[in-house]
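Trainee: Need coordinates for the following:
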Amino acid sequence: MPRFSRAVRVQLVVLTHCAVPAAPFVRALAALNVTVLDKLILRDPRGDLQSFHFTGLDVSALEVWAKERVALAEEALGSLGALTELWLVRVALAEPALLRLPASLLRLHIESCNITEFATPALRRLSSLVYLRLYETTLTVAPDLSAAPSLQAVSFSAPLNGLPSSITIKNITAQNCNSLGILGECGALYRLEVSRAGSAPPAGWLARCPALAELSLSGTRLSELPADLVRAAPRLRRLAVRGCGLRHLPHDLLANVRDLHELDFSNNQLETLPEELLVSVRALRSLDLSNNRLTLAGARAALAPTSLHRLALDGNPLGDLCPTGSHDLYRDGTTH
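Mentor: Numbers count the residues shown, from 1 in each chain. As a prediction, this is how the structure comes out:
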């Protein structure tokens with residue numbers, strides 16, 4: 001590799017397809033006259049990562065993106081006392097290594113590392129963690145998020161046995177979960193986004209989530225929604241149920257969410273809307289019903305809200321909305 005003629009101090013260093021050095025990264029970079037100040041990214045590193053590799057490294061962020069799985073020594077990250085952000089992708093991560101993650105972490109992303117459990121002691125160690133992202137096809141048991149007292153946002157892509165939450169969690173994003181039951185407290189939950197779930201929401205799903213303001217369901221097979229889906233979420237501002245195969249909607253689905261601003265039922269199989277569906281929703285600004293099976297008569301309820309700024313009905317068999325031609329709308333320059 002080329003060596004700079006003078007010392008260079010940079011915020012970010014990215015090493016791509018590089019063999020793992022026989023010395024610490026700090027020393028290997030110093031040989032090139034380079035000092036990394038803030039973030040080190042290892043893309044497709046060639047070799048396993050040992051403890052000595054990170055000795056002397058004083059960065060706040062580390063990312064390891066492996067194409068072929070690399071091993072990480074149990075205590076490899078123990079010397080990174082200033083680390084606040086860590087991304088590990090396709091890194092062999094044994095449970096002892098999880099128990100030795102730097103306690104200073106604020107953000108943690110683990111993907112395709114073959115972990116089967118995120119044990120409570122490992123989470124308890126991460127007392128400052130604010131954001132956790134786990135993308136693991138091998139993770140089936142939801143972690144106990146109450147063990148991480150500062151955690152506010154989580155994102156999962158895993159066949160979990162439920163949606164983990166805690167009293168501090170404000171945002172949950174979940175993909176491919178086997179069950180949608182909420183595990184733990186959810187009184188602070190503000191945003192919930194679920195896609196490709198393996199089951200429908202259970203009755204009373206959101207009964208303990210009164211602060212919920214945004215709810216999104218997509219790619220989950222639901223012929224109909226529970227009538228009480230959002231009954232206990234009076235602060236809801238945005239509701240989206242997209243691509244779920246919906247055929248019917250409960251007539252009183254929105255009775256308790258009077259301040260709803262955005263409603264999206266696009267890419268379903270709705271043929272008609274209940275006449276009472278939108279009667280109580282007085283602040284609705286956006287309604288997306290595109291790509292359903294609505295006829296003009298079936299979509300008539302969509303015209304009820306007078307507050308609408310946007311109405312999307314494209315992709316529905318509405319027929320000709322002006323069967324006698326546009327000249328009946330505009331005659332001699334006058335609108336009738």
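Trainee: Angles on the backbone of residue 97, please.
Mentor: When quoted as degrees, to the nearest 10, the phi and psi of residue 97 stand at phi -70, psi -40.
Trainee: nope, residue 125 is what I meant
Mentor: Taking degrees, to the nearest 10, you get phi -70, psi -30 for the backbone angles of residue 125.
Trainee: mind listing what the residue lying closest to it once chain neighbours are set aside touches?
Mentor: With sequence-adjacent residues excluded and distances taken as C-beta to C-beta, 6 or more residues apart in numbering, residue 125 is closest to residue 103, at 5.5 Å. C-beta here means a position set from N, CA and C on the backbone, and glycine is covered the same way. Taking C-beta atoms under 8 Å, 6 or more residues apart in numbering as the contact definition, residue 103 lies against 125, 126, 127, 128.
Trainee: With residue 122 as the reference, measure out to residue 103.
Mentor: Relative to residue 122, residue 103 is positioned 11 Å away (criterion: C-beta to C-beta, to the nearest Å).
Trainee: Likewise for residue 161?
Mentor: Computed as C-beta to C-beta, the residue 161 to residue 122 distance reads 19 Å.
Trainee: How about residue 97?
Mentor: Shown here: residue 97 relative to residue 122, a distance of 9 Å by C-beta to C-beta.
Trainee: swap in residue 223?
Mentor: As it turns out, when the distance is counted by C-beta to C-beta, residue 223 lies 40 Å from residue 122.
Trainee: Between these two, tell me which one has more neighbours.
Mentor: Between residue 223 and residue 122, counted using other C-beta atoms under 10 Å, residue 122 has the larger neighbour count: 20 against 12.
Trainee: Excluding covalently adjacent residues, which one is nearest to the more buried one?
Mentor: Using C-beta to C-beta, 6+ apart and skipping residues adjacent in sequence, the residue nearest residue 122 is residue 98, 4.2 Å away.
Trainee: Wait, the one you found touches residue 114, no?
Mentor: No. Judged on C-beta atoms under 8 Å, residue 98 makes no contact with residue 114 at a distance of 11.9 Å.
Trainee: out of these two, which sits in the busier spot?
Mentor: Remark: of residue 98 and residue 114, residue 98 carries more neighbours, 21 against 15, as counted by other C-beta under 10 Å.
Trainee: where does the more buried one land on pLDDT?
Mentor: Note for residue 98: predicted pLDDT of 93.
Trainee: separation between it and residue 126?
Mentor: Separation of residue 98 from residue 126 (C-beta to C-beta): 10 Å.
Trainee: Residue 225 too?
Mentor: Counting by C-beta to C-beta, the gap from residue 225 to residue 126 is 36 Å.
Trainee: Which parts of the stretch 201-336 of the chain are strands?
Mentor: 214-218, 238-242, 262-264, 286-288, 310-312, 330-331, 334-335 (DSSP state E, counting those that start in this stretch).
Trainee: Provide a list of residues in contact with the residue nearest to residue 122.
Mentor: Applying C-beta under 8 Å, 6+ apart to residue 98 gives the contacts 115, 118, 119, 122.
Trainee: Would you check that the third one makes contact with residue 96?
Mentor: No. Counting by C-beta under 8 Å, residue 119 sits too far from residue 96 to count as a contact (10.3 Å).
Trainee: which residue sits closest to residue 129, ignoring its sequence neighbours?
Mentor: Nearest-residue entry for residue 129: residue 148, 5.0 Å, with adjacent residues in sequence omitted and distances by C-beta to C-beta, 6+ apart.
Trainee: And for the one you found, the neighbour number?
Mentor: Around residue 148 there are 27 other residues, counting by other C-beta under 10 Å.
Trainee: Please apply the same query to residue 193.
Mentor: A total of 16 residues lie near residue 193 under the criterion other C-beta under 10 Å.
Trainee: Check residue 258 too.
Mentor: Look at residue 258: counted by other C-beta under 10 Å, it has 13 neighbours.
Trainee: Residue 92 versus that one, what's the distance?
Mentor: If you measure residue 258 against residue 92 using C-beta to C-beta, the figure is 52 Å.
Trainee: contacting residues for residue 160?
Mentor: Listed by C-beta under 8 Å, 6+ apart, the contact set of residue 160 reads 139, 140, 141, 142, 174, 177, 178, 179.
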